[in-house]
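J.: Have a look at this prediction, sequence included:
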Amino acid sequence: MNRRRFDALIIGGGGAGLRAALQLARSDFTVAVVSKVFPTRSHTVSAQGGITAALANVDDDRWEWHMYDTVKGGDWLGDQDAIEFMCREAASAVYELEHMGLPFSRLDNGKIYQRPFGGQSKNFGGEQATRTCAAADRTGHALLHTLYQQNIKNRTQFFDEYFALDLLRDAEGYCLGVTAMNIETGEPIVIEARTTLLATGGAGRVFWNSSNAMINTGDGLGMVLRAGLPLQDMEFWQFHPTGIAGVGCLITEGVRGEGGYLLNKHGERFMERYAPHARDLAGRDVVARAIAIEIAEGRGCGAAPNQSGGDYVHLKLDHLGEKLIAEKLPGIRELSIRFAGVDPVHAPIPVAPTAHYMMGGIPTNLHGQVVAPARFGPEEAVPGLYAVGECACVSVHGANRLGGNSLLDLIVFGRAAGLHMQEYLRDNPYPRPLPESAAEHGLARLARWEQPGSERVAAISDDLRRMMQAHAGVFRTDAVLRKGLVQLDQLEQRLQHAGLQDCSRVFNTARIEALELENLLGVARATLVSAIHRTESRGAHTRDDFPQRDDAHWLKHTLYSRAADQVDTKPVRLKPLTVESIKPKERVY
Amino acid sequence: MKFRLYRFHPESGEKPFMQDVELDIDPAGKMLLDALLAIKAQDETLSLRRSCREGVCGSDAVNVNGKNRLACITPLSELKQPIEVRPLPGLPVIRDLIVDMEPFYKQYRSVKPWLINDEPEPEVERLQDPADRALLDGAYECILCGCCTTSCPSFWWNPDTFVGPAGLLQAYRFIADSRDEATAERLDNLEDPYRLYRCRGIMNCVDACPKGLNPTEAIGRIKSLLVKRRV
């Protein structure tokens, strides 16, 4: 079998993985990136609106205000030490991207352009702030390409189109690399590394209606669950308010930041009723719920003659004028014309909530080290293993992520992990011996799909997504979630009897989809079990049967583990690094 | 709807062939990618790359009825039947609609596609006038899908030596960037009968670019900078 060895290994070639890889590529250590797609195809490329940092280029701003907004936006579930760290580092992280060449849009004075985004305030809950740095509405594309360019400049070793199968670990729990498969040849490979970072992105493809790329299948989460490690806060999924109706493609919050707003079928600006102060720029969970209620109560647009209301609302931006749209929102104009058949210069875009972002993930500390309950406490670092980006839960987004904080999370914690991995490498200078059996798990995953079976992967995947859409969507109840869990049991049964029609080696994408489905099923179970467990409504997790936030019982993180198929909890870290704690209070916009 | 799909499976020992497929699909509002995935759901041996399904990741470039396009943003209703789908021309086929992109990436890397500026970095951002930033519009948005380069006859003949429209557009993106200090070095890198001057202004690249970019114009600007430099 093929074997390679590096000091550091990164799984995933999106923004988080590439930022960490860059930090390591500039050091004396060897680093490799394993990515199942060519890196610039990673989902970071789809991020539109921007990256948030209190640069104060347009209006007064301070990182402390950004921190307050992030804590409030996350409905007090975010860890305040991590949030302080992220908001404090934000400005320098953005300047660093500019120095690397990211083509930010510019203000007249030549500084980086910033636009208002939802949930942003001045002076701890005051007037709207203008904090999101943007490259038109293609910020993710500009960011990802810039980071990739810097990595090729610094000669990072890339394993493009390699699919990671499982972590390699020894008896003491050290992570020693991964087993992977070369997608082009179908050959397995063992890649040893003294330290490994998971940056495998989200898993939004677990829902039927999703803004996510088809590759977002939670591969790192699956690996972590199979390694017997927990996942944190998996009940929290963000439904973005403005996906193109029926398609799911995203229309950036930047549209509302630039002055666009939502209308129901009566032409009413309904957000005034739900968030009198912030209106269309309230938190994403607030706006998504409002749209869902408007639609459910018959005030949606586009109704058939026999219906009272249709299943979307209108996002109006024609009043912004063609010039502004061409300069600041060209990408969404293109998307809207292509996928909705509507030119937003002349007519409103039909939109509805779409599954967008996983706030939960692999629990980590500030340095990106994966932490799990162990002998000495609830948060002991797993030696050699790191996680960053959407697959990780550090937790800065708490129960609901603010727009523009995702790209920031990638680069701040990507950099932090890249630095800490070097510290780890210096402290652990010699490779530990790889147990002979370490690769067995990963190779067994490949061997399993040599077995014939009557059930089809594509059919199970479709049913899984429909089930999650119906049972773990914007509004949840115990009964609905439990019914979903029963269906999930059946889907897992069917997976036992699934087989591939195509057992070839070369670029067998059917086999990749089967391996991805296994990961998605793990994500679905973690989500449902955690959502049943949390008997309150907080941020994006809305329980009709428990409509209030319950700080007395639930100001804590959930930890789902697969072995017991149950949920544990750990406290939220309310104490920041240096500033005063932001005390929980009612969250109104 | 009727499709003709290019099929090639290296392990089978068979030569490539065109497969006729009929699919029951309502084309209204659907893209070619939707149809290809529906065909794959019936016959999972059909292989193609795909990811974002909204035209920004650049994975699913294929040749459709003779033109290079992204399957995910090509409306089915616009296409004449039978819809003939082939892999991108001019690159080795790995399997079905999947080509080996490495010759394309290699040319991309050859233009040093990263900002070069060795001045000490300021504590904040480098300033850039909005007018200077506007020069990057139409140059930085490339998604590396390969539609342009693989539609270029000059690249078909000289894939090892001609940078191709995508690579040259990237080269121009950094030449045009007021923050980049390596213009002379970049022009040196391109001043070559093959690397740059194999472009004969055929303009297939402009026609093929799914993002509406104009590599020929960028190439023209590089050429005129070289002329200016000489006089």
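T.: Ah, there it is.
J.: Every contact and neighbour count from this point should use C-alpha atoms.
T.: Will do.
J.: all helices of chain B, in order?
T.: Taking DSSP state H as the test, the helices found in chain B are B:32-42, B:102-110, B:130-134, B:153-157, B:164-175, B:183-190, B:204-208, B:215-230.
J.: Helices of the stretch 401-550 of chain A, start to end?
T.: Listed in chain order, the helices of the stretch 401-550 of chain A (DSSP state H, counting those that start in this stretch) span A:405-427, A:440-448, A:457-471, A:478-496, A:509-533.
J.: Show me what counts as buried in the fourth one.
T.: In this case it means helix A:478-496. A:478, A:480, A:481, A:482, A:484, A:485, A:487, A:488, A:491, A:492, A:494, A:495 (16 or more other Cα atoms under 10 Å in any protein chain shown).
J.: Relative to chain A, which residue of chain B is the closest?
T.: Closest contact between chain B and chain A, by Cα to the nearest Cα, is at residue B:52 (4.0 Å).
J.: Quick check, pLDDT for the residue lying closest to that residue once chain neighbours are set aside.
T.: In space, and not counting its chain neighbours, residue B:52 is closest to residue A:213: 4.0 Å by Cα to Cα, 6 or more residues apart in numbering or on different chains. Predicted confidence (pLDDT) for residue A:213: 97.
J.: for residue A:343, same thing?
T.: Residue A:343 carries a pLDDT value of 96.
J.: circling back to that earlier point, with respect to residue A:6, which of the buried residues of helix A:478-496 is nearest?
T.: Proximity of the buried residues of helix A:478-496 to residue A:6 (Cα to Cα) peaks at residue A:495, which lies at 35.2 Å.
J.: which residues does the residue of chain A found nearest chain B contact?
T.: Residue nearest to chain B within chain A: residue A:213 (4.0 Å; Cα to the nearest Cα). Residues in contact with residue A:213, defined by Cα atoms under 8 Å, 6 or more residues apart in numbering or on different chains, are A:43, A:205, B:51, B:52, B:53.
J.: Of those residues, just say which sits nearest to residue A:546.
T.: residue A:205 (27.1 Å).
J.: Now do the same contact list for the closest one.
T.: So residue A:205 contacts A:212, A:213, A:214, A:215, A:216, A:217, A:465, A:520 (Cα under 8 Å, 6+ apart).
J.: Kindly reformat those residues as TSV containing secondary structure.
T.: As requested, the contacts of residue A:205 are exported to TSV (DSSP: H, G, I helix; E, B strand; the rest coil):
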residue	secondary structure
A:212	coil
A:213	coil
A:214	coil
A:215	coil
A:216	coil
A:217	coil
A:465	helix
A:520	helix
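J.: Could you list which residues are in contact with the residue nearest to the spatial centre of chain B?
T.: Most central in chain B under Cα atoms, centre = their mean is residue B:146, positioned 2.2 Å from the mean C-alpha point. Contact analysis of residue B:146 by Cα under 8 Å, 6+ apart lists B:58, B:61, B:104, B:166.
J.: and chain B, which residues reach chain A?
T.: Contacts of chain B with chain A, taken as Cα under 8 Å from any Cα of the partner chain, map to B:10-11, B:29, B:41, B:44-45, B:47-48, B:50-54, B:56-59, B:73, B:94-95, B:109, B:112-115, B:121, B:123-130, B:133, B:136, B:140-141, B:143, B:179.
J.: at 6 Å what do you get?
T.: Contact residues (Cα under 6 Å from any Cα of the partner chain) of chain B with chain A: B:44-45, B:51-52, B:57, B:114-115, B:124-125, B:127-130.
J.: Please tabulate the helices of the stretch 401-550 of chain A in CSV, including the columns distance to chain B and mean pLDDT.
T.: Formatted as CSV, the helices of the stretch 401-550 of chain A follow (distance: least, Cα to the nearest Cα, whole Å; pLDDT from 0 to 100):
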stretch, distance to chain B, mean pLDDT
helix A:405-427, 16, 98
helix A:440-448, 17, 96
helix A:457-471, 6, 96
helix A:478-496, 16, 98
helix A:509-533, 6, 98
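J.: Which stretch among those approaches residue A:110 most closely?
T.: Closest approach to residue A:110 among those (Cα to Cα): helix A:405-427, 21.8 Å.
J.: Using CSV, write out every CA atom in the closest one.
T.: Only the C-alpha atoms of helix A:405-427 are listed here, as CSV (Å, rounded to 0.1, in the frame of the first residue of the first chain):
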residue,chain,number,x,y,z
ASN,A,405,-18.6,35.6,11.0
SER,A,406,-18.0,32.4,9.2
LEU,A,407,-15.2,33.5,6.9
LEU,A,408,-13.7,35.2,10.0
ASP,A,409,-13.9,32.0,12.0
LEU,A,410,-12.0,30.2,9.2
ILE,A,411,-9.1,32.5,9.0
VAL,A,412,-8.7,33.4,12.7
PHE,A,413,-8.8,29.8,14.0
GLY,A,414,-7.1,28.5,10.9
ARG,A,415,-4.2,30.7,11.7
ALA,A,416,-4.4,29.9,15.4
ALA,A,417,-4.4,26.1,14.7
GLY,A,418,-1.5,26.4,12.3
LEU,A,419,0.5,28.1,15.0
HIS,A,420,-0.4,25.7,17.7
MET,A,421,0.3,22.7,15.5
GLN,A,422,3.9,24.0,15.3
GLU,A,423,4.1,24.2,19.0
TYR,A,424,2.8,20.6,19.2
LEU,A,425,5.4,19.5,16.7
ARG,A,426,8.2,21.0,18.7
ASP,A,427,6.9,19.3,21.9
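J.: Nothing else from me, thank you.
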